[in-house]
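Student: from the sequence below, what's the structure:
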Amino acid sequence: MTSPEEIAKIIKKHYPDALILLFGSRVSGEYLATSDIDLIVVSNKFKDIEFVERPTHILKMLYREGIKKSLDILCYTMEEFRKKSQEIGIVREALKTGKILAK
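Tutor: Next up is the predicted model:
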């Protein structure tokens, strides 16, 4: 079984500047074996990629690395992340309750 920490290491290999934050049921401990892994990935490598396309880049890269877990990934540039962290929403909540896997 691939852990969130192992997934973060692989992402970090391809996105060295990434901040990777785990949130949701994997942090709260209320997950099942079939539950997805919720991640926020922050990297300036996303700057020229459309917001909705960014998770696909990560998922395809992980698939090529042999990771076939169910993942829900939100991807932001550092500037977008800073803005979102000031708003009420998932990023702010993830910062409060989540776990930093890589920075």
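Student: from here on, just use CA atoms for contacts and neighbour counts.
Tutor: OK.
Student: tell me the buried residues in the helix-or-strand element of the chain with minimal mean pLDDT?
Tutor: When the helices and strands of the chain are scored by mean pLDDT, DSSP states H and E, helix 25-28 comes last with a mean of 92. Residues of helix 25-28 classed as buried by neighbour count (16 or more other Cα atoms under 10 Å): residue 26.
Student: equivalent analysis for stretch 63-81, please.
Tutor: Within stretch 63-81, the residues that qualify as buried are 67, 69, 71, 73-78, 81, counting by 16+ other Cα under 10 Å.
Student: ok, so of those residues, who is nearest residue 90?
Tutor: Using Cα to Cα, residue 74 is the member of the buried residues of stretch 63-81 that lies nearest residue 90, at 9.7 Å.
Student: quick check: chain neighbours aside, which residue is closest to that closest one?
Tutor: The shortest distance from residue 74 to any non-neighbouring residue, by Cα to Cα, 6 or more residues apart in numbering, is to residue 40 (4.7 Å).
Student: do residue 73 as well
Tutor: Counting by Cα to Cα, 6+ apart, residue 39 is the residue found nearest to residue 73 once chain neighbours are left out, at 4.8 Å.
Student: is it true that that neighbour touches residue 59?
Tutor: No. Counting by Cα atoms under 8 Å, no contact exists between residue 39 and residue 59, whose distance comes to 11.5 Å.
Student: which residues are common contacts for those two?
Tutor: Listed as contacting both residue 39 and residue 59 by Cα atoms under 8 Å, 6 or more residues apart in numbering are residue 71.
Student: hmm, who's touching the helix or strand where residue 79 lies?
Tutor: Per DSSP states H and E: residue 79 is located in helix 78-85. The set of residues that contact helix 78-85 without belonging to it, under Cα under 8 Å, 6+ apart, is 42-44, 91-92, 95.
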